[in-house]
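Student: Using only what follows, build the 3D model:
(chains A and B)
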Number of protein chains: 2
Amino acid sequence: MVELRKDPITGRWVIIATDRAKRPMGVALPPDSPSPEIDPFLPGNEYLTPPEILRYADESGKAPWALRVVPNKFPALKVEGEIEREGIGLYDKMSGIGAHEVVIETPDPDKRLVDYNEHELELVFSAFRDRSRDLQRDARLKYVLAFKNEGRLAGATQLHGHSQLIALPMVPSVVTEELEGAADYYSFKERNVYLDIVNQELRYGERLVTDNPDFVTIAPFASRFPFELWILPRRYAPCFHEIRDDQITFLAKIVSHTMKLLDRALGVFAFNFIIHTSPLQDCHPAYYHWHIEITPRLTQLGGFEIGTGYHINPTPPEKVAEYLRKTKL
Amino acid sequence: MVELRKDPITGRWVIIATDRAKRPMGVALPPDSPSPEIDPFLPGNEYLTPPEILRYADESGKAPWALRVVPNKFPALKVEGEIEREGIGLYDKMSGIGAHEVVIETPDPDKRLVDYNEHELELVFSAFRDRSRDLQRDARLKYVLAFKNEGRLAGATQLHGHSQLIALPMVPSVVTEELEGAADYYSFKERNVYLDIVNQELRYGERLVTDNPDFVTIAPFASRFPFELWILPRRYAPCFHEIRDDQITFLAKIVSHTMKLLDRALGVFAFNFIIHTSPLQDCHPAYYHWHIEITPRLTQLGGFEIGTGYHINPTPPEKVAEYLRKTKL
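Tutor: You can find the predicted model right below:
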């Protein structure tokens, strides 16, 4: 069973995906299945994953491949079928149409994101771009979320380096809030709020961590998490999957540098790495800007965060930025 | 430093509270302080907490008290001062006015919520009510969130049984979404959506877990978390702090029964227990209903949840309700 259910009060969607209960660490009604010891992402174990959608060759010839994209074996959404809506009394549900893919980022089972060299990072971002472009052709799909969970505290169940692409039949509420807020700002100021943020942070430097010709890394003014960092393009760019190769080069550089700074500051830490971008079928709003949000998961989210939607953060972003600027690599 | 900062894009507030970095398991710039071994909530250690705001006597005379409410030693918000707003370039901040109190629910350091008898639960809910009524008199405060984190995975840093009250100078976004959604439903249907949910669940029973003359426990249709349960009053009741003593008796009964069912199903598990109620200064909207949301924390929230605001849940609420209805106590 894969279906989308809408909370009748808030309108919030939930994906009920019972197939995922079969996966390691998934929650089923007891007893749960044991976690397998075999790494399905290791070269030689390709038969354990569904057939691959995309493969980048390893140019050095040392490994059978450099990166693979495969459908998620325990998908939250499925590509087959039509979008059907149904009412159950006062409730609403919709068939769970979408796509759920896994980007196996490296043949090496032990590399963390911080260990990837710039070329390896370029491949990851190229895979996000190439798969997003392909998914965009399916008019049923409204949004592609590309994200990475590293470490168990960040929700990773499989520790071999990978990220995920989830294509949804609706624009998620977090992105809708960004789009609406950015549109309001634009109609009031006639400026793009993301560019205003980039310019203010570059001018005053208090929350600036690092920058290069195409990107900046900042500790955002209203950081929800200690050591939360955002990477933003310096120029108008609403849509991640239109990124050019020369921009991917600079993106890989700033991601590598940013992850190394966090690694020196925090040691081994769990984090989410999330690309925020514009809707697939409406990709060029003047007010939006794709960007990356990196959220270290050093503390657990508690009842305050779940009950209010707000966060309590004990570490001011200005302190984080100052600390990271002074960090020697 | 305690201040409220607004994200310029989404309007989402964040509390930057550097005092909290001093607490055990708080995150500070390295090095972090070690976790103390002493339980500040134990009888005899009252000197370790700020002076108490409320105390209920232990009628059996076995312990020096049955329940205490004290200000949080590491507050996210502070009562002193005026609400001041300030702009920093394009950003907005506000002084961190509010209240942050700790309800020490029991003198016993080892009791989990499931171990409380009905009388002990009555005291906890009476304390929430009595403190909320007192905080309502402060016109600066717009909302009181009463919640409990049990277990480290649910965000608890202190394992001795306690809950928290956080009074905010604004209505949190989760509650605003509920109020707006419920108001929309009311204007469309001329009915209270919460009462419609209660009536539908009582009539069809698929997601009903248990009920008594004043309350029902259901597995909500769009459950975000496996084994998420909601406890709702059966009759119109927008405002938790107007609960009567006879209703507290039935609330204690259904909470006790619900927690025992979850305990039998899940063993020792981490969870958040959150009271959703109407705004302090506008307590009687016809369309709202106070209720309790219990969210077990069996899996970690990952990039999908943080990046979309949606949840993936592998366990359908109908299965949860059926399983719990069949559970023998």
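
Student: Does chain B have contacts with stretch A:137-149?
Tutor: Yes. Using C-beta under 8 Å from any C-beta of the partner chain, we find that stretch A:137-149 touches chain B at A:145, A:147, A:148, A:149. C-beta coordinates here come from the backbone N, C-alpha and C atoms, glycine included.

Student: Can you tell me, leaving aside adjacent residues, what's nearest to the first one?
Tutor: The reference is to residue A:145. The shortest distance from residue A:145 to any non-neighbouring residue, by C-beta to C-beta, 6 or more residues apart in numbering or on different chains, is to residue A:166 (4.9 Å).

Student: Now for the closest residue to residue A:77 other than its chain neighbours, how many residues are close by?
Tutor: Distances taken as C-beta to C-beta, 6+ apart place residue A:98 nearest to residue A:77, at 3.0 Å, with adjacent residues excluded. Residue A:98 has 27 neighbouring residues, counting by other C-beta atoms under 10 Å in any protein chain shown.

Student: which residues touch residue A:98?
Tutor: Contacts for residue A:98 (C-beta atoms under 8 Å, 6 or more residues apart in numbering or on different chains) come out as A:76, A:77, A:78, A:79, A:141, A:166, A:167, A:168, A:169.

Student: Out of these, which sit inside strands?
Tutor: A:166, A:167, A:168 (DSSP state E).

Student: Just among those, which is most surrounded?
Tutor: residue A:168 (28 neighbours).

Student: could you dump the contacts of residue A:98 to a markdown table with pLDDT?
Tutor: Formatted as a markdown table, the contacts of residue A:98 follow (pLDDT from 0 to 100):
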| residue | pLDDT |
| --- | --- |
| A:76 | 90 |
| A:77 | 92 |
| A:78 | 89 |
| A:79 | 88 |
| A:141 | 96 |
| A:166 | 97 |
| A:167 | 97 |
| A:168 | 96 |
| A:169 | 95 |
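
Student: Just give me the closest of these to residue B:47.
Tutor: residue A:76 (51.1 Å; C-beta to C-beta).

Student: correct me, but the closest one touches residue A:18?
Tutor: No. Counting by C-beta atoms under 8 Å, residue A:76 stays clear of residue A:18, with 10.7 Å between them.

Student: shared neighbours of these two, which are they?
Tutor: With C-beta under 8 Å, 6+ apart, residue A:76 and residue A:18 have common neighbours residue A:2.

Student: neighbour-wise, which of these two wins?
Tutor: Per other C-beta under 10 Å, whichever of residue A:76 and residue A:18 has more neighbours is residue A:76, with 24 against 16.

Student: Next one: that one from chain B, what distance?
Tutor: Residue A:76 sits 5 Å away from chain B, going by C-beta to the nearest C-beta, to the nearest Å.

Student: all helices for the stretch 51-200 of chain A, in order.
Tutor: Along the stretch 51-200 of chain A, counting by DSSP state H, counting those that start in this stretch, helices occupy A:118-136, A:173-189, A:193-204.

Student: In the stretch 51-200 of chain A, what residue comes closest to chain B?
Tutor: Closest approach between the stretch 51-200 of chain A and chain B, counting by C-beta to the nearest C-beta: residue A:155, at 2.4 Å.

Student: who in the stretch 101-250 of chain A is up against chain B?
Tutor: A:145, A:147-149, A:152-156, A:164, A:166, A:168, A:172-175, A:177-178, A:181-182, A:185, A:193-194, A:196-197, A:200, A:204, A:220-224, A:226.

Student: check contacts around the nearest residue to residue A:294 once chain neighbours are set aside.
Tutor: Nearest residue to residue A:294, sequence neighbours excluded (C-beta to C-beta, 6+ apart): residue A:229, at 4.6 Å. Shown in contact with residue A:229 (C-beta under 8 Å, 6+ apart): A:209, A:217, A:218, A:219, A:220, A:258, A:262, A:293, A:294, A:320.

Student: okay if I get these as JSON lines plus secondary structure, pLDDT and neighbour count?
Tutor: Shown next, in JSON lines, are the contacts of residue A:229 (DSSP: H, G, I helix; E, B strand; the rest coil; pLDDT from 0 to 100; neighbours: other C-beta atoms under 10 Å in any protein chain shown):
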{"residue": "A:209", "secondary structure": "strand", "pLDDT": "98", "neighbour count": "26"}
{"residue": "A:217", "secondary structure": "strand", "pLDDT": "98", "neighbour count": "25"}
{"residue": "A:218", "secondary structure": "strand", "pLDDT": "98", "neighbour count": "27"}
{"residue": "A:219", "secondary structure": "coil", "pLDDT": "98", "neighbour count": "26"}
{"residue": "A:220", "secondary structure": "coil", "pLDDT": "98", "neighbour count": "25"}
{"residue": "A:258", "secondary structure": "helix", "pLDDT": "98", "neighbour count": "22"}
{"residue": "A:262", "secondary structure": "helix", "pLDDT": "98", "neighbour count": "23"}
{"residue": "A:293", "secondary structure": "strand", "pLDDT": "98", "neighbour count": "22"}
{"residue": "A:294", "secondary structure": "strand", "pLDDT": "98", "neighbour count": "21"}
{"residue": "A:320", "secondary structure": "helix", "pLDDT": "97", "neighbour count": "26"}
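
Student: ok, the residue lying closest to the residue of the stretch 51-200 of chain A closest to chain B once chain neighbours are set aside - how many residues close by?
Tutor: When the adjacent residues along the chain are set aside, residue A:155 lies closest to residue B:302, with 2.4 Å between them (C-beta to C-beta, 6+ apart). When neighbours are counted by other C-beta under 10 Å, residue B:302 registers 22.

Student: Residue B:302: what's it in contact with?
Tutor: Residues near residue B:302 by C-beta under 8 Å, 6+ apart: A:147, A:149, A:154, A:155, A:156, A:272.

Student: Could you tell me which ranges of the stretch 51-200 of chain A sit under the pLDDT cut-off?
Tutor: Of all residues in the stretch 51-200 of chain A, none has pLDDT under 70.

Student: so the residue nearest to residue A:262 when sequence neighbours are not counted, which of the three states?
Tutor: Excluding the flanking residues, the one nearest residue A:262 by C-beta to C-beta, 6+ apart is residue A:227, at 6.3 Å. Put simply, residue A:227 is coil when judged by DSSP: H, G, I helix; E, B strand; the rest coil.

Student: okay but residue A:227 is in contact with residue A:313, surely?
Tutor: No. Contact criterion C-beta under 8 Å: residue A:227 and residue A:313 do not qualify, at 9.7 Å.

Student: what's near enough to touch the closest residue to residue A:2 other than its chain neighbours?
Tutor: Ranked by C-beta to C-beta, 6+ apart and with sequence neighbours excluded, the top spatial neighbour of residue A:2 is residue A:96, at 3.4 Å. Shown in contact with residue A:96 (C-beta under 8 Å, 6+ apart): A:2, A:3, A:4, A:15, A:16, A:17, A:76, A:77, A:78.

Student: From residue A:88, how far out is residue A:96?
Tutor: Distance, residue A:96 to residue A:88, using C-beta to C-beta, to the nearest Å: 15 Å.

Student: measure residue A:303 to residue B:191 for me?
Tutor: With C-beta to C-beta as the criterion, residue A:303 and residue B:191 are 30 Å apart.

Student: More neighbours: which of these two?
Tutor: residue A:303 (26 against 14).

Student: who's the closest residue in space to the more buried one that isn't next to it in sequence bridged to?
Tutor: Of all residues beyond its chain neighbours, the one nearest residue A:303 is residue B:147 (3.3 Å), with distances taken as C-beta to C-beta, 6+ apart. Listed by DSSP bridges, the beta-bridge partners for residue B:147 are residue B:164, residue B:274.
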